[in-house]
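A.B. asks: Take a look and give me a structure for this.
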Amino acid sequence: MLDQLKEMICEFVEVEKESITVKAKLIEDLGFNSYDLMCLVGEIEERFDIEIDEKVVVNLHTVEEVIDYLSTHVA
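C.D. replies: Modelled structure (predicted):
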C-alpha cells in the first residue's frame, strides 16, 4: 500500500518517490497545499473505492496516518 500511495503523492507534488517516508508530513515535508491534498484524497477514494469524510481528512497529517486509515477501511 505504501508504494501505491507514493505513486499517487508523486502525481500531485514534485518530490522524489524515494524521499517519501511513512513519517513524512504531507504539507510540511512533501509540499502539499490544501488543493493538492483534496485532489490526493479524491484519487485515493477513486482508486480504493472508499469515501473519506472531511472530518477525517483534516486529521491526516503524515503518510503513516493515511496508510493506517486505508489499512482499516480498505478490504
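A.B. asks: Could you pick out the longest helix of this protein?
C.D. replies: helix 34-48 (DSSP state H).
A.B. asks: Pull out the buried positions in it.
C.D. replies: Asp36, Leu37, Leu40, Val41, Glu43, Ile44 (16 or more other C-beta atoms under 10 Å). For glycine as for every other residue, the C-beta is placed from the backbone atoms N, C-alpha and C.
A.B. asks: just these now: which is nearest Glu28?
C.D. replies: Nearest to Glu28 among the buried residues of helix 34-48: Leu37, at 12.1 Å, using C-beta to C-beta.
A.B. asks: which residue packs closest to the closest one, ignoring adjacent ones?
C.D. replies: Once flanking residues are discounted, Leu37 sits nearest to Leu26: 6.2 Å by C-beta to C-beta, 6 or more residues apart in numbering.
A.B. asks: Give me the pLDDT value at the nearest residue to Phe48 once chain neighbours are set aside.
C.D. replies: Among residues not flanking Phe48 along the chain, Val74 sits closest, at 4.8 Å (C-beta to C-beta, 6+ apart). For Val74, the pLDDT comes out at 89.
A.B. asks: if I pick Val74, what's in contact with it?
C.D. replies: When contacts are counted by C-beta atoms under 8 Å, 6 or more residues apart in numbering, Val74 touches Met1, Phe48, Ile50.
A.B. asks: Look up how far Val13 lies from it.
C.D. replies: 22 Å (C-beta to C-beta, to the nearest Å).
A.B. asks: Output the below-cut-off pLDDT ranges for this protein.
C.D. replies: Across the chain, nothing is flagged by pLDDT under 70.
A.B. asks: measure the most centrally placed residue in the chain to Glu46 for me?
C.D. replies: Central residue of the chain (C-alpha atoms, centre = their mean): Val66, 5.4 Å from the mean position. Val66 sits 15 Å away from Glu46, going by C-beta to C-beta.
A.B. asks: With Leu5 instead?
C.D. replies: 14 Å.
A.B. asks: Check Asn33 too.
C.D. replies: 20 Å.
A.B. asks: same thing with Ser19?
C.D. replies: 25 Å.
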